[in-house]
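*Asks:* turn this into a structure:
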Amino acid sequence: MGNHPGFGQQLYIRRFHMEKRLRSNETGAQGCYFIRRLANNLGEPQRSYAINAIDRALNFWKAKRVRKPVPLRAPWLLAPNWTRDLRQLLTTHVHGTKRYNTTLQTPSTGIVFTKFPSVMDSLCNHKEAATKWADGEDPKCACGALRQHASHPHQPDQHLVLDGDSLHFADAPSTCIATGSLQNKIFPPSKEIYTSLRLALRSWTTRNSLPSLPKTYLDALWQRSIHSHYTALHNHITHKDIVRFKRLFPDAIFHNEDKRATSLRIYCPVIYFQCLTKTFADPLVFRKLEESPNDIIEKTIAEITKQFGKSYPWALGAGRDLPNAYVLPKRKKQFLAGRPIVSFFTAPFRPMLNCIAKMIYNLLPQAFPHNLAKGGVFDLIKLLKDTDFDTLPTPRIHNQDLAGFFTSIDTDRFIDSWRLTLQFLSALMSTDPDEIISVKATPGNTTGDVVKGRTCRTLNVTRKIFIRDIERIILMSLKMTQFSIGTSVYEQIRGSPMGSPLSPALCMMVVALSEEIWYRTYRTTLTTMDLSARLLRYVDNRLCLADPSWDYEVCFANFLHPEFYGHPIILETEPDQEFLGFCIEFEPFALRYSPPRDFNQVMAPFSASPLAVQLSGFVSRLFLVAKCAHPAQERTRGFAALHRLYRAAGFCESDLTAAAKPIRRYLHTSSLW
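*Replies:* All right, here's what the predicted structure looks like:
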């Protein structure tokens with residue numbers, strides 16, 4: 001029937017008459033509200049068509065807008081009955097105002113607790129220090145205060161960096177701040193929590209089309225709960241504790257270090273400024289521009305709008321800020337140099353960059369089926385577990401990292417790699433310039449999926465991009481190399497833009513192309529070997545488990561060469577046998593989990609978060625061990641190591657046992673440790 005010549009016209013006429021009926025006095029605004037509530041029970045796409053038509057009719061009637069029910073996003077308190085009392089307040093208000101619910105929508109009484117600021121957010125001042133450095137201010141030495149807490153003597157002319165792990169104070173909160181994770185949450189002042197709760201309730205009533213909640217009801221709940229909260233607060237970090245800790249180290253800079261994101265480091269400003277100078281004043285990588293951030297961003301937005309505004313109006317996105325940068329000091333460089341970090345979070349063109357990155361990730365396995373990135377963490381571990389290494393000669397382990405990943409590949413190589421990718425794909429799909437590639441911008445949900453207690457009904461958005469435009473988009477992304485530090489602007493003069501959502505995908509494309517060409521060059525030799533679990537790569541970490549008989553093969557001599565991927569990408573050998581957080585051992589073959597070594601790598605009991613949030617890392621690590629450790633005794637050893645770590649961090653045995661229940665159910669066992 002759908003192919004009948006007049007079917008489309010009949011459908012259009014039918015819709016016209018239905019919308020006309022919705023706008024008639026026979027239905028009215030109240031009838032539209034009633035029908036809209038019934039329409040929520042339809043499946044897609046009928047639901048979306050019906051809801052849109054009814055909303056247009058309500059707009060015609062100038063009726064009250066129907067809002068999607070949303071839960072209350074409220075701050076969390078330590079009061080034992082806080083969740084129950086808060087939900088009771090919402091339920092009472094919903095029932096008490098039912099006669100005012102003209103839209104007939106059922107308001108949500110769900111509660112989602114918002115996150116409090118972390119120690120990193122409240123304590124660390126590295127971004128302010130970077131701004132002062134960029135503005136040309138002279139650093140003020142803070143070593144006088146730092147030496148009072150240094151555990152080892154230092155030279156008088158040596159500027160200090162203190163490890164938070166080694167600091168201990170008379171009061172417990174200061175010790176917790178120094179030795180704990182920077183991701184631990186803190187309780188802000190009670191006045192700030194009350195204001196946040198009041199604004200949350202106001203937003204909840206507005207978005208659920210309810211009358212305002214009387215202030216007396218809120219104040220009564222607050223007075224009942226705040227006393228219990230204060231009673232239990234002595235075991236948690238508060239904003240006052242952060243202020244007191246800062247006073248112990250006046251003028252110091254609080255930050256972390258490279259590859260130790262959750263560990264506190266306290267820097268003398270002199271050495272931190274030297275690190276910034278050594279990192280961003282490198283003439284081979286960066287240069288300073290005289291233009292202001294506003295001038296640069298206006299030019300960038302104008303160029304993006306000119307090239308892509310008409311064809312892809314969604315591409316620009318909501319971001320209107322220049323990417324900003326800071327540095328992660330490196331211990332192996334004596335903290336005199338660091339890793340530059342550039343944030344594109346509020347930059348323009350992000351929606352398009354995300355779409356192209358996702359498209360490239362999906363195309364790489366099709367274009368280069370023999371590249372070494374054979375999936376995610378669980379896929380790569382499964383390949384190792386499924387190989388019977390105990391019946392094979394003990395392999396030699398080559399654990400390598402790709403150095404210069406983002407700062408070495410030039411624009412011409414990116415463009416050539418994209419053109420070659422299209423050539424490889426031409427055998428599988430049409431690569432005509434006018435061909436369209438559809439990209440699902442977000443992970444999306446299948447209609448009917450239940451996420452956070454709500455059934456997903458909305459259709460997923462798919463972006464359509466012409467192949468002929470992709471090269472121009474890549475070129476545009478490679479031009480976005482400017483970033484700000486305070487009011488100063490710097491430009492990256494080599495490689496793909498650091499922090500760009502598209503840069504990792506472009507680098508993966510270059511690397512995967514090199515691996516595919518190598519395989520096809522030595523296909524005759526390699527097809528006789530089982531390489532499924534011998535050659536693996538996860539992003540820039542490459543693992544080669546070479547059979548001793550391969551030592552004299554030319555193909556593997558080329559594969560292990562430091563310049564296998566072409567200069568200036570260099571392969572650096574790692575001394576350990578660790579891959580994806582597991583130590584690989586042979587005779588017999590085992591994958592041994594490497595647990596966190598320090599308490600600052602786990603969220604602590606004094607963090608201002610519900611217990612379920614505090615132990616979320618514990619559950620995810622247990623699942624990783626359950627899924628990947630091999631053989632069974634290594635799995636038990638990994639569980640025991642995590643149990644010891646979290647018990648030493650201060651968590652109760654009963655809480656850990658309850659949190660591990662999903663893992664016990666997954667493994668069909670009664671005990672993990």
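*Asks:* and the lowest mean pLDDT element among the helices and strands of this protein?
*Replies:* When the helices and strands of the chain are compared on mean pLDDT, DSSP states H and E, strand 450-451 comes out lowest with a mean of 44.
*Asks:* so the closest residue to residue 577 other than its chain neighbours is in which element?
*Replies:* Once flanking residues are discounted, residue 577 sits nearest to residue 584: 5.0 Å by C-beta to C-beta, 6 or more residues apart in numbering. Every residue, glycine included, has its C-beta placed from N, CA and C. Using DSSP states H and E, residue 584 maps to strand 582-585.
*Asks:* hmm, who's touching that strand?
*Replies:* 381, 384, 397, 543, 545, 576-578, 590-594, 628-629 (C-beta atoms under 8 Å, 6 or more residues apart in numbering).
*Asks:* from these, which has minimum pLDDT?
*Replies:* In terms of pLDDT, the lowest of those is residue 576, showing 83.
*Asks:* ok, it to residue 385 distance?
*Replies:* Look at residue 576 and residue 385: by C-beta to C-beta, to the nearest Å, they are 20 Å apart.
*Asks:* hey, what's the nearest residue to residue 385 once chain neighbours are set aside bridged with?
*Replies:* Spatial nearest neighbour of residue 385, excluding adjacent residues (C-beta to C-beta, 6+ apart): residue 630 at 5.0 Å. With DSSP bridges as the criterion, residue 630 is bridged to residue 591.
*Asks:* my read: residue 630 touches residue 588, true?
*Replies:* No: Residue 630 is beyond contact range of residue 588, at 9.9 Å (criterion: C-beta atoms under 8 Å).
*Asks:* give me every residue that touches the residue nearest to residue 440 when sequence neighbours are not counted.
*Replies:* Once flanking residues are discounted, residue 440 sits nearest to residue 462: 5.4 Å by C-beta to C-beta, 6+ apart. Listed by C-beta under 8 Å, 6+ apart, the contact set of residue 462 reads 438, 439, 440, 441.
*Asks:* need the residues you listed in CSV (columns: secondary structure, pLDDT and distance to residue 215).
*Replies:* Formatted as CSV, the contacts of residue 462 follow (DSSP: H, G, I helix; E, B strand; the rest coil; pLDDT from 0 to 100; distance: C-beta to C-beta, whole Å):
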residue, secondary structure, pLDDT, distance to residue 215
438, strand, 92, 51
439, strand, 91, 48
440, strand, 84, 45
441, coil, 75, 42
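*Asks:* report the buried members of those residues.
*Replies:* In terms of neighbour count (16 or more other C-beta atoms under 10 Å), the buried residues within those are residue 439.
*Asks:* out of the contacts of residue 462, who's nearest residue 60?
*Replies:* residue 441 (32.0 Å; C-beta to C-beta).
*Asks:* can you give the domain ranges for this structure?
*Replies:* 350-579, 582-667 (automatic domain parsing).
*Asks:* would you turn those into TSV with distance to residue 240?
*Replies:* Output for these, formatted as TSV (distance: least, C-beta to C-beta, whole Å):
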stretch	distance to residue 240
domain 350-579	29
domain 582-667	13
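*Asks:* for the ones you listed, which has the smallest mean pLDDT value?
*Replies:* Among those, domain 350-579 carries the lowest mean pLDDT, a mean of 88.
*Asks:* flag every buried residue along stretch 113-131.
*Replies:* For stretch 113-131, the neighbour count (16+ other C-beta under 10 Å) marks 113, 116-120, 122-124, 126, 129-131 as buried.
*Asks:* contacts for that stretch next, please.
*Replies:* 73-76, 177, 180-188, 196, 200, 237, 239, 242, 245-246, 253-256, 264, 269, 272-273, 276, 324-327, 485-487, 608-610.
*Asks:* among the residues you listed, which are in helices?
*Replies:* Counting by DSSP state H, those place 177, 196, 200, 239, 242, 245, 246, 269, 272, 273, 276 in helices.
*Asks:* and which of these is nearest residue 635?
*Replies:* residue 177 (34.9 Å).
*Asks:* let me see the contact set for that closest one.
*Replies:* Per C-beta under 8 Å, 6+ apart, neighbours of residue 177: 119, 123, 164, 237, 241, 242, 245, 264.
*Asks:* neighbours around the third one, how many?
*Replies:* In other words, residue 164. 21 (other C-beta atoms under 10 Å).
*Asks:* residue ranges of the helices in the stretch 101-250 of the chain, please?
*Replies:* Taking DSSP state H, counting those that start in this stretch as the test, the helices found in the stretch 101-250 of the chain are 119-123, 126-134, 143-147, 172-179, 190-207, 215-232, 239-248.
*Asks:* out of those helices, which gets nearest to residue 473?
*Replies:* Closest to residue 473 of those, according to C-beta to C-beta: helix 126-134, at 30.4 Å.
*Asks:* how far off centre is that closest one?
*Replies:* Mean C-alpha position of helix 126-134 versus that of the full chain (C-alpha atoms, centre = their mean, to the nearest Å) differs by 25 Å.
*Asks:* what of stretch 354-362?
*Replies:* Worked out by C-alpha atoms, centre = their mean, stretch 354-362 lies 16 Å from the chain centre.
*Asks:* and of the helices of the stretch 101-250 of the chain, who's closest to residue 640?
*Replies:* Comparing these by C-beta to C-beta, helix 172-179 comes nearest, at 23.4 Å.
*Asks:* CA-only coordinates of that closest one in PDB, if you can.
*Replies:* C-alpha atoms of helix 172-179 as PDB (Å, rounded to 0.1, in the frame of the first residue of the first chain):
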ATOM      1  CA  ALA A 172      43.300  14.700  60.200                       C
ATOM      2  CA  PRO A 173      41.600  16.900  57.400                       C
ATOM      3  CA  SER A 174      44.900  18.400  56.300                       C
ATOM      4  CA  THR A 175      46.500  15.000  56.100                       C
ATOM      5  CA  CYS A 176      43.600  13.700  54.200                       C
ATOM      6  CA  ILE A 177      43.900  16.500  51.700                       C
ATOM      7  CA  ALA A 178      47.600  16.000  51.200                       C
ATOM      8  CA  THR A 179      47.700  12.200  51.000                       C
END
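*Asks:* and it, how far out from the chain's middle?
*Replies:* 27 Å.
*Asks:* what mean pLDDT does it get?
*Replies:* 92.
*Asks:* follow-up on the earlier one: out of the domains of the chain, nearest to residue 223?
*Replies:* Judged by C-beta to C-beta, the one of these that comes nearest to residue 223 is domain 582-667, at 20.7 Å.
*Asks:* can you map out the strands along the stretch 401-550 of the chain?
*Replies:* 436-440, 450-451, 454-455, 462-466, 482-485, 488-492, 535-538, 541-546 (DSSP state E, counting those that start in this stretch).
*Asks:* and those as TSV, adding distance to residue 28?
*Replies:* Listed next are the strands of the stretch 401-550 of the chain as TSV, based on distance: least, C-beta to C-beta, whole Å:
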stretch	distance to residue 28
strand 436-440	40
strand 450-451	35
strand 454-455	29
strand 462-466	37
strand 482-485	55
strand 488-492	59
strand 535-538	61
strand 541-546	65
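*Asks:* so which of the ones you listed is the most surrounded?
*Replies:* The highest average neighbour count among the strands of the stretch 401-550 of the chain, using mean count of other C-beta atoms under 10 Å, belongs to strand 482-485 at a mean of 24.
*Asks:* what does that one contact?
*Replies:* Counting by C-beta under 8 Å, 6+ apart, 130-131, 133-134, 280, 289, 293, 296, 300, 322-326, 342, 489-492, 498-499 sit against strand 482-485.
*Asks:* can you tell which of the domains of the chain is closest to residue 227?
*Replies:* Nearest to residue 227, of all the domains of the chain, is domain 582-667, at 17.6 Å by C-beta to C-beta.
*Asks:* quick revisit: what's the closest of the contacts of residue 462 to residue 66?
*Replies:* The nearest one, if we look at the contacts of residue 462 relative to residue 66 and count by C-beta to C-beta, is residue 441, at 26.1 Å.
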